[in-house]
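In: Here's my sequence, what's the structure:
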Amino acid sequence: MMLNALKQYKSVDLQATVQSASPHKLISMLLSGAMEAFAKGKGAAERKDIEARAKHLNKAMEIVIGLKSSLDMDQGGEVSENLDRLYDYILVHTLTASRDNDPEQIQELINLLLEVKQGWDEMPLDYRD
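Out: Down below sits the predicted model:
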C-alpha cells in the first residue's frame, strides 16, 4: 500500500516538473532518462536478465527517438544534423548491444549521451529556449 502511494506521489511530482519545465529543461530530463534506462539495461545485461535488458533498452530507444524527433533541422543547422546522426548511431548500436548482450557497448552509449547532456546543460542562458 505504501509503495503504491509513493509511486503515485512520484508520478504526480514528475508531471508537475514536466509541466513547469522549459523546453531546455525537458531535453535535459530526457537525456537523463535515456542514460538511466541505458544504465538499467547495462545492469540487466551484466546479470544476463534478458527480459529486463529488453525492457530498459526499449525505453532508452523510445527516449532517443523522442530526442531525435524534437530536433529542429531548419534552425538547428549543423548541430541538429550532427545530433541526428548521433541519435541514429545510438539507436543502431542499442540494437547491436542488446543482440550481443554487451554491457561495454551499452556503456559507450551512456558515455555519448553524457557528453551531449553536459554540452546541453552548459549552454549559455542566451541560447536556451
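
In: Show me the strands in the protein, by range?
Out: Counting by DSSP state E, the chain has no strands at all.

In: Output the contacting helices and strands for the longest helix along it.
Out: The longest helix of the chain (DSSP state H) is helix 73-100. Applying 3 or more Cβ pairs under 8 Å, 6 or more residues apart in numbering; DSSP states H and E, one finds that helix 73-100 makes contact with helix 23-47, helix 50-69, helix 103-121. All C-beta atoms are positioned from the backbone trio N, CA, C, and that covers glycine.

In: Show me what counts as buried in that helix.
Out: By 16 or more other Cβ atoms under 10 Å, the buried positions in helix 73-100 come out as Ser80, Leu83, Leu86, Tyr87, Ile90, His93, Thr94, Ala97, Ser98.

In: Kindly reformat those as TSV containing pLDDT and distance to Asp74.
Out: Shown next, in TSV, are the buried residues of helix 73-100 (pLDDT from 0 to 100; distance: Cβ to Cβ, whole Å):
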residue	pLDDT	distance to Asp74
Ser80	95	8
Leu83	98	14
Leu86	98	19
Tyr87	98	17
Ile90	99	23
His93	98	28
Thr94	98	27
Ala97	98	32
Ser98	97	33
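
In: circling back to that earlier point, go through the helices and strands packed on helix 73-100 and name the closest to Tyr127.
Out: helix 23-47 (8.8 Å; Cβ to Cβ).
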